[in-house]
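J.: Quick one, what's the 3D model for this:
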Amino acid sequence: MSDQAAVTRIAPSPTGDPHVGTAYQALFNSVFARQQGGKFIVRIEDTDRNRYNAQSEARILDMLDWLGIHPDASPRNEDDRGPYTQSQRAGLHQDYARQLLESGAAYRAFDTPEELEERRRAAEARKDSYLGYDRRDRALSREESDRRAAAGEEFVIRLKAPLEGQTVVHDRLRGDVVFDNAQLDDKVLLKRDGFPTYHLAAMVDDHLMGVTHVIRAEEWLTSTPIHKLILEGLGWEEPEWIHTPWLLSAGGKKYSKRRGDPSVEDFRRMGILPEALLNYLGMMGWSMPGGEEIFSVDDMVREFSWDRVSLGGSTFDVTKLKWLNGKYLREVLSEDEVTARLRAYLNEFGEGLPTGDDTYFAAVARLMIPRIETLGDFAPMTGYFWSEDFETDDKARKALDKGGELLPDLREALAGVQDWNAESTKHALHEYAEARELKLGKVMPPVRAAVAGTMQSPDLGDLLDVLGKERVLARLDRAIQNVEAQGTETQG
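T.: Numbering: from 1, shown residues only. Model prediction:
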């Protein structure tokens, strides 16, 4: 296959939330295909009709759009190798299952689900170490098999795996991996309902779609000897096998949505940028030649090499992802771009902030960009910019308790500022402190507490500038009233 342009694919199953592992595989498949001047395709593996979820299929494709990973062919971008929805190819899969049956590489098995379950339980009771199919119908003559099928008896078609010897799989990252054939199962290729299993459908579709490199998760390595045998049974050449290292969760186990690890949609709702997520996934098991931590997909395409993939498995650290996302907000994207992303995020996820005032919103965003790690941090940290009904936290209350008696004079000092901006308001507060021989640590906190209700806010001059004179003086008036009211209560 060395003379062919690389064709890669991902084949996600539409059964739930779009998985981080799908994004991970999509990244490496698309990067390698682009680097090789080839083709990257997305095929939906929906032959498990019991678990199929139509909304999940759409969400997987939406996820790739959001990430900016655009396949050369997919269910939304069909070409002459399609269709790219596997259930629509069932007739082809049935034809090739029959071809394997005719060649003797497969056989019909007439066991009912109830019989299989009974035998499985009996094997467990005997503590058999191998609980695969017992190959009972493998010994049926072809004539007997044909007769029972013609009589309408339901069956599956199973692969006739070799019983002795070894099957060797050559993996790009691991070299030759040897499997004892005695440990291989006679996997079902075609189910009783006429739908193929993943094993048959994936190999048929990979071949017909011209896939040259199967780049997929490490968990599929143990299935590869089965896939190799299917290809051999059909007389087809193998693709190059490349099984990428595990993505691990913080507990050291395989990253899994079933164990509650965040999905891509969770990260999107969290306010993670798609560029940052792809950057972080690129760091999982691979590294740039110069050790750079911030790099784009284009950088990956230029520098990618399988030689730089580590097989140890990488732990997905959400804290590190947030840190990287913050770097993108502060160092990679422009203020205008971050502001646009913030507005789009807030409009999509319904935070209810008044984003329509472009000038004011942009000014608030400019102040907060250095202080946030995700787009989702913005709304909880900026409530006092949008509403007068903001809470005063404990530290702010203490600041008002200690310096509240200064607020009337501070209000007067700020009211006298004519050209309201960050420098003029800070200058007024400095003059006030110097005139009364007070430290700024005594003067600034009660003002901050009065206008923001928190001590975790931007530079005070910038804060006052953005809030505006009218709003600042009104908030100081309210704080003064509250301090006076508390004083009266204390005296009473």
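J.: Low-confidence ranges, the stretch 1-150 of the chain, go.
T.: Within the stretch 1-150 of the chain, the ranges that satisfy pLDDT under 70 run 1-3, 129-131.
J.: ranges for the strands of it?
T.: Assigned strands in the stretch 1-150 of the chain, in chain order: 7-10, 39-42, 106-109 (criterion: DSSP state E, counting those that start in this stretch).
J.: What is the first one packed up against?
T.: Based on contacts counted as 3 or more CB pairs under 8 Å, 6 or more residues apart in numbering; DSSP states H and E, the elements that strand 7-10 packs against are helix 20-35, strand 39-42, strand 213-217. In short, each C-beta sits where N, CA and C put it, glycine included.
J.: so the longest one versus strand 213-217, what angle?
T.: Orientation check (axes from the mean of the first three to the mean of the last three CA atoms, to 10 degrees): helix 20-35 against strand 213-217 gives 160 degrees.
J.: Off-centre distance for helix 20-35?
T.: 12 Å (CA atoms, centre = their mean, to the nearest Å).
J.: tell me the domain ranges of the chain?
T.: Following automatic domain parsing, the chain resolves into domains at 333-386, 388-491.
J.: how about the ones you listed in a markdown table, adding mean pLDDT, mean neighbour count and distance to Lys187?
T.: Output for the domains of the chain, formatted as a markdown table (pLDDT from 0 to 100; neighbours: other CB atoms under 10 Å; distance: least, CB to CB, whole Å):
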| stretch | mean pLDDT | mean neighbour count | distance to Lys187 |
| --- | --- | --- | --- |
| domain 333-386 | 92 | 17 | 43 |
| domain 388-491 | 93 | 16 | 58 |
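J.: So for Ser141, which of those sits nearest?
T.: The closest of the domains of the chain to Ser141 is domain 333-386. By CB to CB, the value is 63.1 Å.
J.: Ends of the closest one, what's the gap?
T.: 25 Å (CA to CA, to the nearest Å).
J.: how about CSV for the helices and strands packed on strand 7-10, with mean neighbour count added?
T.: Written out in CSV, the entries for these read as follows (neighbours: other CB atoms under 10 Å):
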stretch, mean neighbour count
helix 20-35, 23
strand 39-42, 24
strand 213-217, 22
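J.: Ala217: which of the strands of the stretch 1-150 of the chain is closest?
T.: strand 7-10 (10.1 Å).
J.: Now do that closest one: everything it contacts.
T.: With contacts defined as CB atoms under 8 Å, 6 or more residues apart in numbering, strand 7-10 is touched by 22, 25-26, 29-30, 32-33, 38-43, 206, 209-216.
J.: cool, and stretch 235-242?
T.: 1, 169-173, 203, 206-207, 211-216, 221, 224, 228, 231, 306.
J.: Can you point out the buried residues in that stretch?
T.: Neighbour-count burial for stretch 235-242 flags 238-242 (criterion: 16 or more other CB atoms under 10 Å).
J.: what distance separates the start and the end of it?
T.: Termini of stretch 235-242 sit 21 Å apart (CA to CA).
J.: show me what contacts Ser56?
T.: 14-18.
J.: And for Val297?
T.: Contacts of Val297 by CB under 8 Å, 6+ apart are 27, 30-31, 68, 278, 282.
J.: 10 Å instead?
T.: By CB atoms under 10 Å, 6 or more residues apart in numbering, the contact list for Val297 reads 27, 30-31, 34, 67-69, 274-275, 278-279, 282, 304.
J.: separation between Ala97 and Leu234?
T.: 10 Å (CB to CB, to the nearest Å).
J.: Of those two, which one has the most company?
T.: Neighbour count, other CB atoms under 10 Å: between Ala97 and Leu234, Ala97 has more, with 25 against 16.
J.: hmm, back to that, figure out which of the domains of the chain is closest to Arg147.
T.: Here domain 333-386 is closest among these (CB to CB), at 61.2 Å.
J.: Pro196 reaches Ala202, doesn't it?
T.: Yes - when contacts are counted by CB atoms under 10 Å, Pro196 is listed as touching Ala202 (8.7 Å).
J.: tell me, what's touching the two both at once?
T.: In contact with both Pro196 and Ala202: 47, 86, 93, using CB under 10 Å, 6+ apart.
J.: Now flag whichever of those is closest to Leu346.
T.: For these, the nearest to Leu346 is Gln86 (38.2 Å; CB to CB).
J.: for the closest one, what are its contacts?
T.: 11, 13, 43-48, 75, 92-93, 195-196, 198, 201-202, 204-205.
J.: Now restrict these to buried residues only.
T.: Buried among those (16+ other CB under 10 Å): 11, 13, 43-48, 75, 93, 195-196, 198, 201-202, 204-205.
J.: isn't Arg302 right up against Gln35?
T.: Yes - counting by CB under 10 Å, Arg302 touches Gln35, with 7.8 Å between them.
J.: neighbours of Met63, just the number please.
T.: 23.
J.: Setting aside sequence neighbours, what's the nearest residue to it?
T.: Pro18 (4.0 Å; CB to CB, 6 or more residues apart in numbering).
J.: follow-up on the earlier one: between the helices and strands packed on strand 7-10, which one is nearest to Tyr384?
T.: Of the helices and strands packed on strand 7-10, nearest to Tyr384 by CB to CB is helix 20-35, at 35.0 Å.
J.: what's in contact with the host helix or strand of Val168?
T.: Using DSSP states H and E, the element containing Val168 is strand 166-171. Applying CB under 10 Å, 6+ apart, the contact partners of strand 166-171 are 161, 175-184, 214, 218, 221-229, 232, 238, 240-243, 311.
J.: mind listing what's buried in it?
T.: 167, 169, 171.
J.: Check stretch 63-77 too.
T.: In stretch 63-77, counting by 16+ other CB under 10 Å, buried: 63-64, 66-67, 69, 71-75.
J.: Please name the residues that touch the residue most central in space within the chain.
T.: Nearest to the mean C-alpha position of the chain, by CA atoms, centre = their mean, lies Val264 at 2.9 Å. Neighbour list for Val264: 17-24, 59-60, 62-64, 66-67, 257, 272, 274, 277, 281 [criterion: CB under 10 Å, 6+ apart].
J.: Try it again at 7 Å.
T.: 18, 20, 23, 63 (CB atoms under 7 Å, 6 or more residues apart in numbering).
J.: how close does the last one sit to Gly21?
T.: In other words, Met63. 12 Å.
J.: Distance from the chain centre to the host helix or strand of Glu337, please.
T.: Assigned by DSSP H and E, Glu337 belongs to helix 335-349. From the chain centre to the centre of helix 335-349 is a distance of 20 Å (CA atoms, centre = their mean).
J.: Stretch 55-73 too?
T.: For stretch 55-73, the distance to the chain centre is 12 Å (CA atoms, centre = their mean).
J.: Likewise for stretch 277-293?
T.: On CA atoms, centre = their mean, the centre of stretch 277-293 falls 15 Å from the chain's centre.
J.: contacts for that stretch?
T.: Under CB under 7 Å, 6+ apart, the answer for stretch 277-293 is 23-24, 27, 67, 244-245, 247, 267, 294-295, 297, 299-300, 303, 308-310, 314, 316, 321, 324.
J.: Let's see that stretch as PDB, backbone CA atoms only.
T.: Extracted C-alpha coordinates of stretch 277-293, given in PDB (Å, rounded to 0.1, in the frame of the first residue of the first chain):
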ATOM      1  CA  LEU A 277      -9.000  20.700  23.400                       C
ATOM      2  CA  LEU A 278      -7.400  19.500  20.200                       C
ATOM      3  CA  ASN A 279      -4.100  20.900  21.400                       C
ATOM      4  CA  TYR A 280      -4.400  19.000  24.600                       C
ATOM      5  CA  LEU A 281      -5.500  15.800  22.900                       C
ATOM      6  CA  GLY A 282      -2.400  16.200  20.600                       C
ATOM      7  CA  MET A 283      -0.300  16.100  23.700                       C
ATOM      8  CA  MET A 284      -1.700  12.800  24.800                       C
ATOM      9  CA  GLY A 285       0.900  10.300  23.900                       C
ATOM     10  CA  TRP A 286       2.700  12.600  21.400                       C
ATOM     11  CA  SER A 287       5.000  15.500  21.600                       C
ATOM     12  CA  MET A 288       6.300  18.300  19.300                       C
ATOM     13  CA  PRO A 289      10.000  18.000  18.400                       C
ATOM     14  CA  GLY A 290      10.800  21.200  20.200                       C
ATOM     15  CA  GLY A 291       8.700  20.300  23.300                       C
ATOM     16  CA  GLU A 292       6.200  23.100  22.600                       C
ATOM     17  CA  GLU A 293       3.000  22.800  24.700                       C
END
